[in-house]
Structures are given as structure tokens and as C-alpha cells.
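K.L.:
only geometry, no sequence info:
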């Protein structure tokens with residue numbers, strides 16, 4: 001198994017600490033493997049296998065654990081009589097009905113050091129926060145960044161330009177690296193993930209009746225990633241096709257898609273007014289591979305895809321991200337972590353003075369001393385402007401985490 005230090009380094013300081021560790025993210029982003037990597041780490045510290053219980057709810061071996069009573073009975077019986085440190089790892093815990101009741105009991109009774117994974121944001125926004133307020137910490141996991149993609153491909157940095165073309169097309173699901181690297185094969189795999197998330201984590205969970213409408217809204221968001229999007233605007237678009245759809249219905253469907261981690265909602269922030277703007281958000285896909293699978297490899301979508309990749313990189317590095325608004329100009333990303341902030345503009349190529357003015361000029365209007373950068377696919381642009389840095393987008397993706 002290839003290590004994912006980006007996440008291991010974040011969770012290791014909390015091992016053996018009295019807090020529940022919850023790893024969340026879209027299905028097939030690597031959460032199960034991450035728990036196995038964590039088990040390897042525990043073994044390297046001398047923890048015997050008998051003191052580690054790994055429950056994988058995607059496995060039929062644990063199909064008998066249907067609700068919190070089954071879970072409580074099984075775990076307490078397993079750890080009965082075992083002394084020393086004990087570790088409980090449950091993968092896809094949301095598949096167990098009322099799981100939080102059992103987990104709260106394990107935590108209170110100090111049964112084990114607890115690690116959970118889940119594939120729905122509702123896991124933390126409702127169940128866990130109510131039952132376990134102040135007793136858990138979330139670690140959000142994403143599909144592979146471009147640097148991780150190269151590590152899985154075992155390709156050196158000097159091949160990064162050629163490999164980026166593949167990353168742009170296939171995205172970062174770890175499972176694609178276990179397959180023949182052919183377009184048809186990988187497209188079928190990514191399409192299967194998309195369908196699984198849509199039907200298991202949205203349709204089934206929320207008992208959606210109008211599935212074609214849900215699919216239409218999901219495709220609309222994917223096709224417009226990086227554009228300002230509103231529920232009312234989508235409702236008008238669907239009505240223009242002679243279909244009935246209220247803005248409230250669209251809003252519900254959009255939120256459920258976000259909760260399933262199929263896509264991310266990025267709110268706008270008024271830099272001058274220093275306030276969050278309601279309604280006018282942008283949406284980005286959880287993985288760039290979904291866009292190519294749904295719509296093919298269209299070059300006219302390149303700008304939105306590059307924005308999606310940069311957004312994915314930023315959130316993978318642990319930044320909180322907003323879209324910026326400054327008067328009538330838009331800043332692609334305001335990324336914040338701790339007390340740090342960086343403003344980013346993303347362009348395909350800086351080929352004309354009009355494009356250069358648009359990208360650099362938007363950042364020049366921001367009157368603070370935080371880092372400001374323009375990223376593009378130009379191999380050599382050759383100059384910064386008024387303190388605003390330019391960097392090749394691929395080089396930015398290959399920089400270490402602390403490089404922003």
C-alpha cells in the first residue's frame with residue numbers, strides 16, 4: 001500500500017488521545033485503505049493484532065451488524081478480557097442504524113481508541129454532533145492530489161507534464177491505478193462510482209422520487225463547475241425545457257449532492273464588505289474524473305477543469321476556500337488556513353493583454369499584504385506584476401504543502 005502522509009501526519013498526533021477520530025469523504029477516495037495504513041502504524045508501535053478490531057461495513061463479513069445493538073454486543077464481546085490499549089476502527093459506520101448510540105457508549109466506557117469513516121456529510125452535521133458534541137475531530141479525505149497521482153503512478157517529476165494530461169482526464173480515485181490505464185476501462189470504473197454515490201447516498205438515503213430530475217441537476221452542476229450557480233437559475237433552466245421544478249426542490253437536491261461529497265459548494269465572500277454573500281455560490285466536483293466521464297474530454301471546458309483541480313489541491317492541503325468578490329471583479333479563490341491567507345487567480349493561458357489585465361488586475365485591487373498569485377499553464381510567463389506572483393499551475397501542484 002502506498003502511504004498517504006498528507007492524512008497520516010494529521011491524524012497521528014491524536015492516536016491514544018481521548019477523542020473520536022472521524023474520517024469523512026466520498027466513496028472510494030481511500031478511507032478503507034487509510035484505516036489499514038493506520039493499523040500498520042499501530043503494529044509498528046507494538047500493538048498486538050488481538051487489540052485491534054477493524055469493522056468494514058462494505059464487507060459481507062460484517063453484514064450481521066445492522067444496528068447499534070448488534071454493534072455494541074459484538075465490540076464488547078470482542079474486547080472482553082483484553083488488557084492494555086485497544087483500538088476500534090469502523091469503516092462506513094453510517095451503514096449501521098443508530099450507530100452513534102453505541103459509539104457514544106464505547107467512548108464513555110473507554111472501551112477503545114475509536115476511529116470512524118463515513119461517506120456522507122450528514123454523519124457529522126446531525127448524528128455525531130448531537131450525541132458526541134466536543135468529543136470528536138473530523139479529518140476530511142479527498143481523492144488523490146496530482147503529487148499523489150504521480151506517486152501512485154511511480155512517475156518522476158520530469159514526466160509531470162505528460163502525466164498531468166492523464167490526471168486532467170482520469171482524476172484522482174486511487175482505484176484507477178489497479179486497472180489497465182485505458183480510457184474505456186477507467187471511464188467505466190469512474191462512472192460506476194458516480195452511480196453508486198448518486199443512488200446509495202442520495203436517492204436511497206433521501207428517498208428521491210424524481211431520479212431523472214436529480215440526475216439532470218447533477219449534470220448541470222458538473223457542466224457548470226466554476227460558474228456562479230443558484231437554485232433559482234437552475235429551476236428556470238429546467239422550466240425552459242418544459243419541466244416542472246421549484247427552486248426549493250433544486251436547493252434540496254443540491255444540498256444532498258454536497259452531503260454525499262459528490263460535489264463541493266464554495267460560497268462567495270465580499271472582500272470589501274468583509275461578509276459572506278448568500279445564494280451566489282460556485283460548485284466544484286469531488287473529483288475531476290467525473291467531468292470527463294459525464295461529458296467527454298472537451299477542451300472548451302479546460303478553464304473550469306483547471307479551477308476544479310486547484311480547488312481540490314487547496315482543500316486537500318487543509319485550506320478553507322471561498323470565492324472572492326471585489327466590486328465588479330471576481331477572485332477565483334481566497335484560501336485560508338490558520339492566520340494565513342492566499343488569493344489565487346486561475347487561467348488557462350495568458351495569451352493576450354486583455355487576459356493578463358483581467359487576471360492580475362483583479363488581484364491588484366486587494367489592499368492587504370497577503371500572498372497573491374496567478375496560476376496558468378504557460379510554461380514561461382516571465383514576470384510578476386506589482387507584487388503579484390505568477391506560477392505555472394503544474395509547478396504549483398508539485399510544491400510541498402508549505403509552499404503556498
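P.N.:
Okay, I see it. It should be emphasised that the depicted structure is a prediction, and the values quoted were computed from it without experimental measurement. Residues are numbered from 1 along each chain as shown.
K.L.:
where does the stretch 1-150 of the chain dip in pLDDT?
P.N.:
Residues of the stretch 1-150 of the chain meeting the criterion pLDDT under 70: 122, 124-131.
K.L.:
strands of that one, residue ranges please.
P.N.:
Assigned strands in the stretch 1-150 of the chain, in chain order: 20-24, 52-56, 87-91, 113-118, 136-140 (criterion: DSSP state E, counting those that start in this stretch).
K.L.:
so which residue is dead centre in this structure?
P.N.:
residue 142 (4.0 Å; CA atoms, centre = their mean).
K.L.:
what's the distance between that residue and residue 345?
P.N.:
22 Å (CB to CB, to the nearest Å). C-betas here are computed from N, CA, C, even on glycine.
K.L.:
about what we covered before: any idea how far residue 58 is from the residue nearest to the centre of the chain?
P.N.:
19 Å.
K.L.:
list the buried ones in stretch 288-295?
P.N.:
Of the residues in stretch 288-295, those scored as buried under the neighbour-count criterion (16 or more other CB atoms under 10 Å) are 288, 289, 290, 291, 292, 293, 294.
K.L.:
now it: how far from the chain's centre is it?
P.N.:
Taking CA atoms, centre = their mean, to the nearest Å, one finds the center of stretch 288-295 at 15 Å from the center of the full chain.
K.L.:
burial count for the closest residue in space to residue 397 that isn't next to it in sequence?
P.N.:
Counting by CB to CB, 6 or more residues apart in numbering, residue 397 lies nearest to residue 146, which is 4.3 Å off, once chain neighbours are set aside. Burial measure for residue 146: 23 neighbouring residues, criterion other CB atoms under 10 Å.
K.L.:
ok, which of the strands of the stretch 1-150 of the chain comes nearest residue 323?
P.N.:
Across those, residue 323 has its closest neighbour in strand 136-140 (19.0 Å, CB to CB).
K.L.:
tilt between the closest one and strand 20-24?
P.N.:
On the basis of axes from the mean of the first three to the mean of the last three CA atoms, to 10 degrees, strand 136-140 is oriented at 20 degrees to strand 20-24.
K.L.:
for the strands of the stretch 1-150 of the chain, give me TSV that also has mean neighbour count.
P.N.:
Supplementary listing: those in TSV, determined by neighbours: other CB atoms under 10 Å:
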stretch	mean neighbour count
strand 20-24	22
strand 52-56	18
strand 87-91	24
strand 113-118	25
strand 136-140	17
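K.L.:
and the ones you listed as JSON lines, adding distance to residue 358?
P.N.:
Written out in JSON lines, the entries for those read as follows (distance: least, CB to CB, whole Å):
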{"stretch": "strand 20-24", "distance to residue 358": "36"}
{"stretch": "strand 52-56", "distance to residue 358": "49"}
{"stretch": "strand 87-91", "distance to residue 358": "46"}
{"stretch": "strand 113-118", "distance to residue 358": "41"}
{"stretch": "strand 136-140", "distance to residue 358": "32"}
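K.L.:
so the residue nearest to residue 218 when sequence neighbours are not counted is in which element?
P.N.:
When the adjacent residues along the chain are set aside, residue 218 lies closest to residue 257, with 5.8 Å between them (CB to CB, 6+ apart). Assigned by DSSP states H and E, residue 257 belongs to helix 247-259.
K.L.:
moving C-terminal of that helix, what's the next helix or strand?
P.N.:
Helices and strands here follow DSSP H and E; after helix 247-259, the next one along the chain is strand 263-270.
K.L.:
moving C-terminal from that following strand, which element do we reach first?
P.N.:
For strand 263-270, the following helix or strand on the C-terminal side (DSSP H and E) is strand 275-285.
K.L.:
quick one: strands adjacent to that next one?
P.N.:
Sheet pairing for strand 275-285, assigned by DSSP bridges, gives strand 228-229 (antiparallel), strand 263-270 (antiparallel).
K.L.:
from the buried residues of stretch 288-295, which is closest to residue 386?
P.N.:
residue 288 (31.7 Å).
K.L.:
so the closest one touches residue 171, yeah?
P.N.:
Yes - using CB atoms under 8 Å as the test, residue 288 is close enough to residue 171 to be in contact (4.4 Å).
K.L.:
how many degrees apart are the helix holding residue 257 and strand 275-285 in direction?
P.N.:
For helix 247-259 against strand 275-285, the angle between stretch directions is 70 degrees (the same axes, to 10 degrees).
K.L.:
counting contacts, what elements does helix 247-259 pack onto?
P.N.:
Applying 3 or more CB pairs under 8 Å, 6 or more residues apart in numbering; DSSP states H and E, we find helix 247-259 packed against helix 211-223, helix 231-239, strand 263-270.
K.L.:
same list (these) but as JSON lines, adding distance to residue 398.
P.N.:
Output for these, formatted as JSON lines (distance: least, CB to CB, whole Å):
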{"stretch": "helix 211-223", "distance to residue 398": "27"}
{"stretch": "helix 231-239", "distance to residue 398": "36"}
{"stretch": "strand 263-270", "distance to residue 398": "23"}
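K.L.:
which residues are contacting stretch 371-386?
P.N.:
306, 310, 341-350, 359-360, 363-364, 366, 387-394, 396, 404 (CB atoms under 8 Å, 6 or more residues apart in numbering).
K.L.:
now, those that are in strands?
P.N.:
The strands, defined by DSSP state E, take in 341, 342, 343, 344, 345, 346, 389, 390, 391, 392 from the contacts of stretch 371-386.
K.L.:
what two of these have the greatest distance between them?
P.N.:
The largest separation in the ones in strands among the contacts of stretch 371-386, counting by CB to CB, is between 341 and 392 at 22.0 Å.
K.L.:
before we move on, the earlier item: can you tell me which of the helices and strands packed on helix 247-259 comes nearest to residue 88?
P.N.:
Among the helices and strands packed on helix 247-259, strand 263-270 sits nearest to residue 88 (CB to CB), with 29.8 Å.
K.L.:
the closest one to helix 211-223, inter-axis angle?
P.N.:
Using the same axes, to 10 degrees, the inter-axis angle of strand 263-270 relative to helix 211-223 is 50 degrees.
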